[in-house]
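K.L.:
fold the following for me, if possible:
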Amino acid sequence: MAESSNDQLGVLICGHGSRNRLAVEEFAQMVEALRPKLAPMTVEHGYLEFARPILRDGLESLRQQGVTRVLAIPAMLFAAGHAKNDIPSVLNTFTAETGLPIDYGRELGVDRLMVAAAGARVRECLESNPSPVPLAETLLVVVGRGSSDPDANSNVAKVTRMLVEGFGFGWGETVYSGVTFPLVEPGLRQLVKLGFHRIVVVPYFLFSGVLVSRIRQHTERVAADHPEVDFLSAGYLGQHPLVVDTFKERVEEVLRGDTAMNCSLCKYRAQVLGFEQDVGRAQESHHHHVEGLAESCTLCERECTGACQPDGVPIPHQHHHDHAGEHHHHPPYPHADHPMGPRTLGSKDFPPKP
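P.N.:
The predicted model follows:
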């Protein structure tokens, strides 16, 4: 949509939210760093769950400040359920209720700036841990969030390859913190069999939180069993200036009217191998019951996994809820029982120690 001279523009940065105070603070600081780059537009932010302001609060704040058109940017590394369903559902509902026009931008995605930001974290890690082991004999492991959307998962693998080829690492692999496979610990236990004496583990995450801490814990667990391997942990993306610049580019794309998401591999639009049951699913959010500091069910009081499945800890329900008579259900991830997937990581018998 082209910009009208009568529009008073506002920007909403749409985050996921976290129970981790540091992660929420880092997100707010990133928005503060973005504000001067987008002046004179008004910039606010909101979260899907677990923190305030929620998305509706951010939208209402923009409306109260006289904004007549909102440019909403999903603060998601890749487009999975949150970017494709949950955030648009909230935005569409707000527009229907208030009449405020909202143009939706695209996720950060596989982008030269984002790859460069991740590369900077890798370089910082290597420079802080000098070693005689050359890069050509070093294994790079990138840890993605993990999603029930194979398109998003495949994008993490592309980032891995960009980093491996950019630096000249001897090998590169991708593991995930939840929902899909391979998970961090079983993945690393497989990878040590390749024989590399140095392994660099990179959490491809925007901000801190329980999942980043868990990645380090799982890495340390494997490292303790393999003292012959030098495990290095790189930092997450955080408020790297190139990340902030990527958000600015996403806003500019909306203004130019050239925002485009990849729909050819979207499991909601196309027959993606193994996920055919998701084609045509209704666009709706499942985060309404955990907005802000919600009173969610005890079993759900954990970081969201993107598919309502825990990170390796079996739970006795399938995330069925009946809040005030409302019932909803999420189709199960088709590979939930994969031996390197989310259900089995909590088993005492897997992964077997060498």
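
K.L.:
pLDDT below threshold where in this structure?
P.N.:
Along the chain, segments meeting pLDDT under 70 span 1-5, 260-331, 343-354.

K.L.:
quick one, phi/psi of the closest residue to Val24 other than its chain neighbours?
P.N.:
Nearest residue to Val24, sequence neighbours excluded (C-beta to C-beta, 6 or more residues apart in numbering): Ala51, at 4.7 Å. For every residue, glycine as well, the C-beta is placed using N, CA and C. Taking degrees, to the nearest 10, you get phi -160, psi 160 for the backbone angles of Ala51.

K.L.:
so Ala51 makes contact with Asn20?
P.N.:
No - with the criterion set as C-beta atoms under 8 Å, Ala51 and Asn20 do not qualify as a contacting pair; they are 9.1 Å apart.

K.L.:
gap between the closest residue to Met340 other than its chain neighbours and Val159?
P.N.:
Counting by C-beta to C-beta, 6+ apart, Pro182 is the residue found nearest to Met340 once chain neighbours are left out, at 3.8 Å. Between Pro182 and Val159 the distance, using C-beta to C-beta, to the nearest Å, works out to 16 Å.

K.L.:
ditto for Leu206
P.N.:
13 Å.

K.L.:
over to Gly341?
P.N.:
Counting by C-beta to C-beta, the gap between Gly341 and Val159 amounts to 21 Å.

K.L.:
please apply the same query to Met30.
P.N.:
For Met30, the distance to Val159 - C-beta to C-beta - is 19 Å.

K.L.:
quick one, strands of the protein?
P.N.:
Counting by DSSP state E, residue ranges of the strands within the chain are 9-15, 42-47, 69-74, 102-104, 138-144, 171-176, 198-203, 230-233, 321-323, 326-328.

K.L.:
quick one: which of those is nearest Leu255?
P.N.:
Taking C-beta to C-beta as the criterion, Leu255 comes closest to strand 69-74 out of those, the separation being 7.1 Å.

K.L.:
quick one: that closest one to strand 42-47, angle?
P.N.:
Strand 69-74 and strand 42-47 meet at an angle of 40 degrees, taking axes from the mean of the first three to the mean of the last three C-alpha atoms, to 10 degrees as the criterion.

K.L.:
run through the neighbouring helices and strands of strand 69-74.
P.N.:
Under the contact criterion of 3 or more C-beta pairs under 8 Å, 6 or more residues apart in numbering; DSSP states H and E, strand 69-74 touches strand 9-15, helix 87-98, strand 102-104, helix 241-256.

K.L.:
residues making contact with the third one?
P.N.:
Surrounding strand 102-104, the residues in contact under the criterion C-beta atoms under 8 Å, 6 or more residues apart in numbering are 1, 12, 59, 69-72, 74, 87-88, 91-92, 94-95, 254, 259.

K.L.:
over to the longest one?
P.N.:
Contact partners of helix 241-256, identified using C-beta under 8 Å, 6+ apart, comprise 1, 3, 11, 13, 30, 33-34, 37-38, 41, 71, 73, 75, 103-106, 108, 111, 113-114, 116-117, 120, 206, 237, 259.

K.L.:
likewise for the first one?
P.N.:
Counting by C-beta under 8 Å, 6+ apart, the neighbours of strand 9-15 from elsewhere in the structure are 3, 27, 31, 34, 38, 41-48, 51, 55, 58-59, 62, 65, 67-76, 87, 91, 102, 247, 251.

K.L.:
now, of those, which are buried?
P.N.:
27, 31, 34, 38, 41-48, 51, 55, 58-59, 62, 67, 69-76, 87, 91, 102, 247, 251 (16 or more other C-beta atoms under 10 Å).

K.L.:
right, and His82 touches Met76 too?
P.N.:
Yes - at 5.6 Å, His82 counts as touching Met76 under the criterion of C-beta under 8 Å.

K.L.:
anything in contact with each of those two?
P.N.:
When C-beta under 8 Å, 6+ apart defines a contact, the residues bordering His82 and Met76 alike are His16.

K.L.:
that concludes my questions; thank you for your assistance.
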